[in-house]
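A.B. asks: show me how the following folds:
(4 chains)
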There are 2 protein chains.
Amino acid sequence: MLPELKIQQLRYVIAVVDEGGFNAAAKRVFRSQPALSMAVRELEQRLGQNIFERGGKGQLTPFGKFCLPRFRELLGQHGRLVKDLVNQADGKQGHVHIATVPSVATRIMPPLLAEFIDQFPNLTISLHDENAHYVCQMVAHGEVDLGITSLWQGEDELDYTHLFEDKVGVVCHRSHPLANRSSIDWRSLQGEKLIRNGTSRLLMGTEASALVENSAFYISNMISLIAMLEAGAGITTLPQLAFPENNQNLSFIPLQEPDVVRRIGLVKASNCTLSPAAQIMDAFLLKSLRGGEK
Amino acid sequence: MLPELKIQQLRYVIAVVDEGGFNAAAKRVFRSQPALSMAVRELEQRLGQNIFERGGKGQLTPFGKFCLPRFRELLGQHGRLVKDLVNQADGKQGHVHIATVPSVATRIMPPLLAEFIDQFPNLTISLHDENAHYVCQMVAHGEVDLGITSLWQGEDELDYTHLFEDKVGVVCHRSHPLANRSSIDWRSLQGEKLIRNGTSRLLMGTEASALVENSAFYISNMISLIAMLEAGAGITTLPQLAFPENNQNLSFIPLQEPDVVRRIGLVKASNCTLSPAAQIMDAFLLKSLRGGEK
DNA sequence: ATGGATTGATAAGGTTTCCTTATAGGGTGT
DNA sequence: ACACCCTATAAGGAAACCTTATCAATCCAT
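C.D. replies: Numbering: from 1, shown residues only, chains lettered A, B, ... in the order given. This next block holds a predicted model:
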């Protein structure tokens, strides 16, 4: 019922006005002159009023004068929109939401993101740190584009790409009898006062699971956990990355038996396309973290 | 180089989102489902990013979510523009500029325009009154759409449609010896003190031209002219329409010999299309004034 | 699980739209 | 009047667009 203005018709009209005639305009838009004549005429018929005076060299009718600024405006809006979309599509602009477990967020991401924003200065980033379970949830629910974490369990709607492994070890006060061992066996820990934390589930299903099951303490907050250890109130297990490497009072001793690792990978929602900016981040993270088992 | 968003493609995308799938959307836009699939795919290829998840029922990708509100916005702007243009083209909205000589402006236009704005309440009007020469100029220069006036001279770029004739007569004080005559001959005026005015040129080229040529006074302002006549300072000639009909002190006596008339007509710029609103006014004025020799 | 129904993708063919070349018509200026 | 420049028109062809028919995947219910 209502006519449709085609972008190209508007462009033709503008060209005729700007160039002062159909012939000149035709050259500018790389079309033949009759193409413009017919396109414009078709537009005029649709609107029910002539835009150009018949026989004049691109002279506008009053109605044409009314139309022109509005055509220009719509063309401008169209052009800006196209530019925006293309920028977004090409990853020249955009925003990436990332979620990681805290250890990755503090130990791995800072230099990496610094390099990223250097390479892609027009992309902006949000970094959330949450525990592994919640990171997976955020990815699954679309709250973030990418997660770097270990899998919570075989989450079906997630797409996991392995990046590196993070060896689990025992953390204790440097004055603890075990502190100077270069490696350790789970059996040596029997009788120790083990404080569980969010990563303790990694030991479940291994020979050492009994240790965890018999532990009475659970502390989720890393700061509190460190404080407890520094106070000599017990020992815990942590992936190496989660161990605060500059801490003077605590020691990290790799677990030899069982050899437990936390598998850290890049997680995306499966069956779900990443935003263009996230695609770029995805590629960047894979390139940066795949080989370099930091 | 830059892709072009076609209005229809955007409509398809919106329909798919709103209806939650390609099939339902196809029904809504009265197209086959493959038509939408292909159109959307073509748009996606142009932008270089998918808008819909492959295999999902109209699920948007992150990029699609970015696009959607912008598509809606452009579509809205397009729709509003079309509505505006069509309203303007159909004369459902618009503005008409009219110029007339003062006599027409005061005696003819008021009831006419009242009727017009009653019939076309969404059209607005500007009414200028100027002397016949300037009215013609304004029309010729496009400052107004229509003029109602006598022609100044055979103006070439003007298109004249005759409306009615306005008989010229002598105006004098009611106490003047000529005042009670029912008609008058130019010879009776010899020796009278004739005050010329803007309309006196109508007598040029007639037998009475000598009268005008020998007149020493010229007053352009109608109010001043009337005051002079009321003071009995002389007589003048005026078209009947310019004679203030309710004036108690002055008399109007038609000139019999020569029988001079002022031809009043509707004037437009030739080779120039009227604005839609002006076209309506044009038709209205012709219908109202053509037969009725008011 | 298996069969039917539904949804989107793909292929082939037809229609419409759009564009091009060639040509006619209408002004303008010499 | 003639040449020139501009736009309008006509006819044929290319491209875009849409349709029907069919296929692959998914979902639902039995």
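A.B. asks: and the lowest-mean-pLDDT helix or strand in chain A, what does it pack against?
C.D. replies: Here the helix or strand of chain A ranked lowest by mean pLDDT, DSSP states H and E is helix A:209-213, holding a mean of 88. Helices and strands touching helix A:209-213, by 3 or more Cβ pairs under 8 Å, 6 or more residues apart in numbering or on different chains; DSSP states H and E: there are none. (C-beta placed from N, C-alpha, C; glycine too.)
A.B. asks: and it, what's buried?
C.D. replies: A:211-212 (16 or more other Cβ atoms under 10 Å in any protein chain shown).
A.B. asks: with stretch A:167-182 instead?
C.D. replies: Those would be A:168-173, A:176, A:179, A:181, for stretch A:167-182 by 16+ other Cβ under 10 Å.
A.B. asks: then stretch A:266-274?
C.D. replies: Buried, per 16+ other Cβ under 10 Å, within stretch A:266-274: A:266-269, A:272-274.
A.B. asks: also stretch A:144-153?
C.D. replies: Buried, per 16+ other Cβ under 10 Å, within stretch A:144-153: A:144-152.
A.B. asks: if we can go back for a sec, just the buried residues of stretch A:266-274: which has the poorest pLDDT?
C.D. replies: Minimum pLDDT across the buried residues of stretch A:266-274 is recorded for A:C272, with 83.
A.B. asks: that residue is in contact with A:A140, isn't it?
C.D. replies: No - using Cβ atoms under 8 Å, A:C272 makes no contact with A:A140, being 9.5 Å away.
A.B. asks: and A:L255, what is it in contact with?
C.D. replies: When contacts are counted by Cβ atoms under 8 Å, 6 or more residues apart in numbering or on different chains, A:L255 touches A:167-170, A:183-186, A:208, A:237.
A.B. asks: give me the mean pLDDT for the longest helix along chain A.
C.D. replies: Secondary structure of chain A per DSSP state H: the longest helix is helix A:62-89. For helix A:62-89, mean pLDDT is 94.
A.B. asks: run the angle between the helix or strand following it and helix B:62-89 for me.
C.D. replies: Scanning forward in sequence from helix A:62-89 by DSSP states H and E, the next helix or strand is strand A:94-100. The directions of strand A:94-100 and helix B:62-89 differ by 150 degrees, with axes from the mean of the first three to the mean of the last three Cα atoms, to 10 degrees as the criterion.
A.B. asks: moving C-terminal of strand A:94-100, what's the next helix or strand?
C.D. replies: With DSSP H and E, the next secondary element past strand A:94-100 is helix A:102-107.
A.B. asks: for the record, mean pLDDT for that next one?
C.D. replies: For helix A:102-107, mean pLDDT rounds to 94.
A.B. asks: quick check: buried residues in it?
C.D. replies: For helix A:102-107, the neighbour count (16+ other Cβ under 10 Å) marks A:102-105, A:107 as buried.
A.B. asks: then stretch A:31-42?
C.D. replies: A:36, A:39-40.
A.B. asks: could you redo these as CSV and give each row distance to A:Q248?
C.D. replies: Converted to CSV, the buried residues of stretch A:31-42 look like this (distance: Cβ to Cβ, whole Å):
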residue, distance to A:Q248
A:L36, 80
A:A39, 78
A:V40, 81
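A.B. asks: for chain A, which spans come out with low pLDDT?
C.D. replies: Scanning chain A for pLDDT under 70 picks out the ranges A:154-155, A:291-294.
A.B. asks: what does it put close to DNA strand C?
C.D. replies: Neighbours of DNA strand C within chain A, by Cβ under 7 Å from any atom of the strand: A:6, A:8, A:30-35, A:38-39, A:42, A:55.
A.B. asks: ok, and of those, which contact DNA strand D?
C.D. replies: Within the residues of chain A next to DNA strand C, those near DNA strand D by Cβ under 7 Å from any atom of the strand are A:33-34, A:38, A:55.
A.B. asks: can I get those in a markdown table with secondary structure?
C.D. replies: Below are those laid out as a markdown table (DSSP: H, G, I helix; E, B strand; the rest coil):
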| residue | secondary structure |
| --- | --- |
| A:Q33 | helix |
| A:P34 | helix |
| A:M38 | helix |
| A:G55 | coil |
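A.B. asks: filter these by proximity to chain B?
C.D. replies: Among these, proximity to chain B is found for A:G55 (Cβ under 8 Å from any Cβ of the partner chain).
A.B. asks: hang on, the earlier thing: for the buried residues of helix A:102-107, name the two members farthest from one another.
C.D. replies: Greatest spatial distance among the buried residues of helix A:102-107 (Cβ to Cβ): A:P102 and A:R107, at 9.1 Å.
A.B. asks: out of everything not next to it in sequence, what's closest to the residue of chain A positioned farthest from its centre?
C.D. replies: Using Cα atoms, centre = their mean, the residue of chain A lying farthest from its centre is A:G55. It sits 58.6 Å away. The shortest distance from A:G55 to any non-neighbouring residue, by Cβ to Cβ, 6 or more residues apart in numbering or on different chains, is to B:N271 (7.3 Å).
A.B. asks: can you pull the contacts of that neighbour?
C.D. replies: Neighbours of B:N271 in contact, by Cβ under 8 Å, 6+ apart: A:53, A:55-56, B:157.
A.B. asks: which stretches of chain A form helices?
C.D. replies: A:7-19, A:22-28, A:33-47, A:62-89, A:102-107, A:109-119, A:132-140, A:209-213, A:222-230, A:276-289.
A.B. asks: as CSV, the ones you listed with distance to B:N221 would be great.
C.D. replies: Below are the helices of chain A laid out as CSV (distance: least, Cβ to Cβ, whole Å):
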stretch, distance to B:N221
helix A:7-19, 43
helix A:22-28, 50
helix A:33-47, 46
helix A:62-89, 33
helix A:102-107, 87
helix A:109-119, 77
helix A:132-140, 84
helix A:209-213, 109
helix A:222-230, 94
helix A:276-289, 74
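A.B. asks: in strands, which of the buried residues of stretch A:266-274 fall?
C.D. replies: A:266-269 (DSSP state E).
A.B. asks: circling back to that earlier point, deepest of the helices of chain A, which one?
C.D. replies: helix A:132-140 (a mean of 22; mean count of other Cβ atoms under 10 Å in any protein chain shown).
A.B. asks: helices or strands up against that helix?
C.D. replies: strand A:94-100, strand A:146-149, strand A:158-173, strand A:261-269.
A.B. asks: about what we covered before: now distance to DNA strand D too, for the buried residues of stretch A:266-274, in JSON lines please.
C.D. replies: Output for these, formatted as JSON lines (distance: Cβ to the nearest atom of the strand, whole Å):
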{"residue": "A:L266", "distance to DNA strand D": "23"}
{"residue": "A:V267", "distance to DNA strand D": "20"}
{"residue": "A:K268", "distance to DNA strand D": "17"}
{"residue": "A:A269", "distance to DNA strand D": "14"}
{"residue": "A:C272", "distance to DNA strand D": "13"}
{"residue": "A:T273", "distance to DNA strand D": "15"}
{"residue": "A:L274", "distance to DNA strand D": "19"}
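A.B. asks: appreciated, that's everything.
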